[in-house]
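Engineer: when you get a sec, could you give me coordinates for this:
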Amino acid sequence: MAEDKEQHTDKKEPDEKRFDGRLLGRIVSFLMPYKGWVALAFVLVMVTAFLGPLRPKLVQLAIDDYIVVGDLGGLQSIILLLLGVLVLEGVLGFTNAYMTQWIGQQAIYDVRIRVYRHIQRQALRFFDRTPIGKLITRTTSDVEALSDVLSAGVIVIMGDLFRLIFITAFMFSLNWMLALVTLAVMPLMLWVTFWFKRKVREQYRETRRHVARLNSFIQEHVTGMSIVQLFNREREEMRRFDTINDEHRIAWIKTIFYFALFWPAVDIIASTAIGLVLWTGGVNAMSGTLTVGVLIAFVQYARQFFEPIRNLSDQFNTLQGAMAGAERIFNLLDEDHALAEPDEPVAAERIAGRIAFQNVWFSYDDLPTDGSEPNWVLRDVSFTIEPGQHVAIVGATGSGKTTIINLLLRFYQIQKGRILIDGVDLNDYALRDIRRHLGLVLQDVFLFSGTVERNITLNDPDVTLERVQEAAALIGADRFIERLPGGYQQDVRERGASLSHGQRQLLSFVRALVYDPEVLVLDEATSSVDTETEHTIQQALDTLLEGRTSLVIAHRLSTIRHADQILVMHKGCLRERGTHDELLARDGLYRTLYELQYKDQERRSAA
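Structural biologist: Modelled structure (predicted):
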């Protein structure tokens, strides 16, 4: 099941201590295209980090140098300076917040583009093994987890660190003894922080895993809701969803638990430091060895010193979410199953359409390394299709018919043998050229949400509306399209829910025809359409196949009879080939299939 698969694939996690620095470096690398803006943001953050600790120093000067001695003019000057510092700090804070958010959103845009482009490049083998919900999680919530870090996280963390440095420098410049008293609690603070870091990192990993499981389950069951309802499985699936959702809730509660412990611990440590400063500084002030201004400034510095630490804990929260999400994103990006492209592909402006399978062996599984026999789906398959020939493939379910189509379109890579087009190995063509010259029409037609025109052109600017209308007229699909309220601009809704199966099939034929492929590969099943639509589809097929090499998984007797060659598949092997009459005369496997599957069609046609 999808969620179980997700759980299994995420069990192995890299070693935390070795992995953090490298992972953070990869996250920060997304900011490199904007390094000029990042540098400017760093400068603004450093200036802001200096202005904050400057305020207690100004207060100390106001008390010790002007208030105590009664210098009203000097006090007014220092107050104006303090006001200027506050205004400048506010302006820089606004500028920096806007700039860092702009930088972060640009970087997030780049990350999402990179992830989606990587997914698009993968071979179908990758999608066979990866739950769709997992990929949705990677491109949405996992990428979004990086948003706060790339928007402000790294820069704000650096700002807080510099603020701590400036505060420490100001404290030591005022009184080194009180500075050491303030820092005396730091060993305890560091221990609490590292404990918190370890626990939260582990928990965030667990939480992100449960988010992916939840997304996988929802995506799969919303898509298959008709099956759930048909078989009255609502209660059982609700129970499973409740279990997955509950595990997600528990994971989040554990995360919250650690934060609920950490924040009060920081407050207690900070209050302890302030108490030590007041006690030590108060005793020194009463003995005359410390001024009141220095004592007041140190109380403010003690408060300021732990404020960045609180902020860093919040940023650490964000960073851990980003690290968990980034870890999964980089695992996806590092797992590349894209089919290899030739370094110097053979040019293919047009092809004649000669297809040859030479001793092809194929398995959907990885070949075993222990010497055991692979689970071959095709076994030593060889045949040749001449340009312009119409070839039908027949055979029982699981015999390898669809696999032949998948391999010809190079959705998968064969393990042994060769596939040639016009005498050139399929691997020597660019994938774009293969799929530009070979059209594919499947029985299960997929339509995107959007207009009829968009589903035909797939947003290709080279395919004009006039060309779409001409192709629709040739297929015979123009009649039903023009009856739609919006015509070619009618929204077909998700997966073409507003159209019948036959109408979706006709649109897929138009989609293939507008690109004018030299070779057509199709599964022409019409078992679920009415007689009138089947007649229209048959006419559309005749138009599509005219003048083209075609390879058809045959479900209709007329297709078989008119085929120049029939390939009979059985358990992954090509058992027979020939014309309809030749194969019937042999009285072999094809005749058995004909008696079981096609003879009823002949009787119905005669009737």
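
Engineer: shouldn't Phe446 be within a strand?
Structural biologist: No: secondary structure of Phe446 (DSSP: H, G, I helix; E, B strand; the rest coil): coil, not part of a strand.

Engineer: next, it: phi, psi?
Structural biologist: Phi and psi for Phe446, reported as degrees, to the nearest 10, are phi -110, psi 130.

Engineer: what's the answer for Met569, then?
Structural biologist: Dihedral angles for Met569 - degrees, to the nearest 10 - are phi -100, psi 140.

Engineer: show me what contacts the closest residue to it other than its chain neighbours?
Structural biologist: Nearest residue to Met569, sequence neighbours excluded (Cβ to Cβ, 6 or more residues apart in numbering): Gly395, at 3.4 Å. For every residue, glycine as well, the C-beta is placed using N, CA and C. Listed by Cβ atoms under 8 Å, 6 or more residues apart in numbering, the contact set of Gly395 reads Lys401, Val568, Met569, His570, Leu593.

Engineer: same check, this time on Val85
Structural biologist: Applying Cβ under 8 Å, 6+ apart, the residues near Val85 are Leu51, Leu54, Arg55, Leu58.

Engineer: now name the helix or strand holding Arg22.
Structural biologist: helix 16-28 (DSSP states H and E).

Engineer: show the average pLDDT along the longest helix seen in the chain.
Structural biologist: Longest helix in the chain by number of residues (criterion: DSSP state H): helix 234-286. Average pLDDT, helix 234-286: 84.

Engineer: now do that helix: which elements does it pack against?
Structural biologist: Packed against helix 234-286 by the contact rule (3 or more Cβ pairs under 8 Å, 6 or more residues apart in numbering; DSSP states H and E) you find helix 176-183, helix 186-223, helix 292-334.

Engineer: with mean pLDDT and mean neighbour count as added columns, please give those helices in JSON lines.
Structural biologist: Below are these laid out as JSON lines (pLDDT from 0 to 100; neighbours: other Cβ atoms under 10 Å):
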{"stretch": "helix 176-183", "mean pLDDT": "85", "mean neighbour count": "18"}
{"stretch": "helix 186-223", "mean pLDDT": "79", "mean neighbour count": "18"}
{"stretch": "helix 292-334", "mean pLDDT": "80", "mean neighbour count": "20"}
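
Engineer: looking at the ones you listed, spot the one closest to Asp491.
Structural biologist: helix 186-223 (19.8 Å; Cβ to Cβ).

Engineer: packing partners for the closest one?
Structural biologist: Packing contacts for helix 186-223, counted by 3+ Cβ pairs under 8 Å, 6+ apart, involve helix 2-9, helix 16-28, helix 132-137, helix 234-286, helix 292-334.

Engineer: so which of those helices is nearest Phe94?
Structural biologist: Once these are compared by Cβ to Cβ, helix 292-334 is nearest, at 17.5 Å.

Engineer: got the angle for that closest one vs helix 176-183?
Structural biologist: Counting by axes from the mean of the first three to the mean of the last three Cα atoms, to 10 degrees, helix 292-334 lies at 40 degrees to helix 176-183.

Engineer: among the contacts of Gly395, which ones are in helices?
Structural biologist: Lys401, Leu593.

Engineer: contact partners of the strand or helix carrying Phe509?
Structural biologist: Element membership for Phe509, per DSSP H and E: helix 501-514. Here helix 501-514 makes contact (Cβ under 8 Å, 6+ apart) with 439-442, 445, 447, 452, 455-458, 463, 467-468, 471-472, 474-477, 480, 496, 499, 520, 522, 526, 528-530, 533-534, 536-537, 540-541, 543-544.

Engineer: cutoff 6 Å now
Structural biologist: By Cβ atoms under 6 Å, 6 or more residues apart in numbering, the residues outside helix 501-514 that reach it are 439, 441, 445, 447, 456, 463, 467-468, 471-472, 475, 477, 480, 496, 528-529, 533, 537, 540, 544.

Engineer: coming back round to it: can you convert the helices and strands packed on helix 186-223 into TSV and add a column each for distance to Gly353?
Structural biologist: Formatted as TSV, the helices and strands packed on helix 186-223 follow (distance: least, Cβ to Cβ, whole Å):
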stretch	distance to Gly353
helix 2-9	40
helix 16-28	46
helix 132-137	35
helix 234-286	47
helix 292-334	38
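
Engineer: hang on, the earlier thing: the helix holding Arg22 - what's its average pLDDT?
Structural biologist: 65.

Engineer: and the angle from the very next helix or strand once past that helix to helix 292-334?
Structural biologist: Using DSSP H and E, the helix or strand that follows helix 16-28 towards the C-terminus is helix 35-61. Angle of helix 35-61 versus helix 292-334, following the same axes, to 10 degrees, is 160 degrees.

Engineer: any stretches of this structure with poor pLDDT?
Structural biologist: The model of the chain has pLDDT under 70 over residues 1-21, 152, 230, 313-314, 316-317, 321, 494-496, 524-534, 558, 598-607.

Engineer: what sits against the most centrally placed residue in it?
Structural biologist: In the chain, the residue lying closest to the centroid (Cα atoms, centre = their mean) is Thr139, at 2.9 Å. Listed by Cβ under 6 Å, 6+ apart, the contact set of Thr139 reads Val115, Tyr116.

Engineer: where's it relative to Ala338, distance?
Structural biologist: Thr139 sits at a distance of 17 Å from Ala338 (criterion: Cβ to Cβ, to the nearest Å).

Engineer: equivalent analysis for Ile27, please.
Structural biologist: 24 Å.
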